[in-house]
Structures are given as C-alpha cells and as structure tokens.
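Undergrad: Sequence first, then the predicted structure, then my questions.
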Amino acid sequence: MAPGHEASLGLPRISPFSYAIESLLLPGKIAKTFPRSALFSLRLFNSDRLQERRRRSFYLELRMSYWLMKSEPAEVNIDDLAAAPKKTVAWFGVRNYQARNFMRDQMKLGDKVFFYHSSCEEPGIAGLASVSKLAYPDATQFDPNSKYFDAKASKTNPRWFNVEVKFVKKTRLLGIQELRGYPELAQMRILQKGNRLSITPIEPREWDFIISKL
C-alpha cells in the first residue's frame, strides 16, 4: 500500500519519510511486499514494548533499596572489586545477625550500594556498586582454615549468607568526617552513636544527597 492511503482504512496518516525508513529496515522483497497495515501494527507493537520497559524500570526504581556496605581495604577495597573477575565479589565474612539478615532477607538484584572503606586510616565512601546475586551460604563458614570459620555451621544448616556485589564506579573518597558535617545526613544509620553494623540501609534522600557530593 502506498503512503497516504491509511485514512481509507481508518489508520493514522504516516509520512512518506517514515514509510521509506521502514522499507529500509525490512530487507529485500519483504520490504516491497509487507502489508502497510502490518507495518503500522509492528510500530504499535514496538511502541507498546518500549512503554512496558519504561513502566518496569519505573517500578523497579520504586522497589529498589539502597545500602552502605563496609569492607576493610586490606581485605577487599574498591580497586580489588574493579579488578575482580566480572568486577564482582561475594560479600563474605559477615558475622553479625542483623547484617546477615539484611543480605539474606532484604537485598534484591539491582539494589544500589555505597562501597565503604572501614577500619583504616581514612574511612569513607570509596565507590558505587550494585547487588548482582541474591544471598547464598557464605563458603568461608565451612572452611577450617578461614578466620570466618564457624564450627556450628553445616552445609545442611548454614548460619551465614552473602550476596554478590558488582563494581559500578570508583569515586572520590567521601570521608566519615565530611559525612558528619552535613545536616541532611544527621539521621543516617552509620553516623548514629554506637552503630557498628557493617551493612546499613540508606534512605533514598540520603542516597541522592551523597551522590550529589561525589
């Protein structure tokens, strides 16, 4: 069907330019014989798929959680994460039940993470990561040669779990003292007196504010 005849079929008018582009996208004889109404339906189908992807992205953003995860740089630092196979590491060695429960019960694929250097000369946020694999038993609990060995754990009844995180970006070091200096972060869990958790949730507004400072 030639362009300009859509009105007789009750279809919206499509420009000759659009028709030419579609003809180029369809190879050889297919472009010459493909029904014009089918081309229009194809375009509607692709448009629906794009809208569906946008809806899914929107809902995933609503469901997404944000975390701060501490790691001692001498063991695993942001550069180690960037250099790891597939830029991914297991977050092993957590031996606090609340931090374990965050990983096991609450973390979701795609959750965003502040990678925090702790127990070092300059503690602070050193980069960004994301949760790339859901929680599974931490292998170090079964290894007698590991400092994280737990004699009470068994493979049939594991006590400790870890997620995997993937490198996203190395940032400037945003130190703990700078974090304390922002009134906007006064309620941030890591800054509360007595907090020693290695994994803490981050409020979306806190995440956005810190991102604006990195």
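TA: Happy to help now that I have it. Residues are numbered from 1 along each chain as shown.
Undergrad: Pretty sure W160 sits against F149.
TA: No - between W160 and F149 there is no contact under CB atoms under 8 Å: 10.4 Å. From N, CA and C alone the C-beta is placed, and that goes for glycine too.
Undergrad: what's the overlap in contacts for those two?
TA: 140-141 (CB atoms under 8 Å, 6 or more residues apart in numbering).
Undergrad: When the two are compared, which one has more neighbours?
TA: W160 (24 against 12; other CB atoms under 10 Å).
Undergrad: Contacts only, for the more buried one.
TA: W160 touches 94-95, 100, 137-138, 140-141, 148, 150, 153, counting by CB under 8 Å, 6+ apart.
Undergrad: Apply the buried test to those and list what passes.
TA: The neighbour-count criterion (16 or more other CB atoms under 10 Å) marks 94, 100, 137-138, 140-141, 148, 150, 153 among these as buried.
Undergrad: From those, pick the one nearest W207.
TA: Nearest to W207, judged by CB to CB, of those is V94 at 21.3 Å.
Undergrad: Would you agree the closest one is in contact with L197?
TA: No - the criterion here is CB under 8 Å, and V94 misses it with L197 at 9.6 Å.
Undergrad: thinking again about what came up before, sitting in helices, which of the buried ones among the contacts of W160 do you find?
TA: Judged by DSSP state H, the buried ones among the contacts of W160 include R100 as members of helices.
Undergrad: With pLDDT as extra columns, can I get the buried ones among the contacts of W160 in CSV?
TA: Below are those laid out as CSV (pLDDT from 0 to 100):
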residue, pLDDT
V94, 97
R100, 97
P137, 98
D138, 98
T140, 97
Q141, 98
Y148, 97
D150, 97
A153, 97
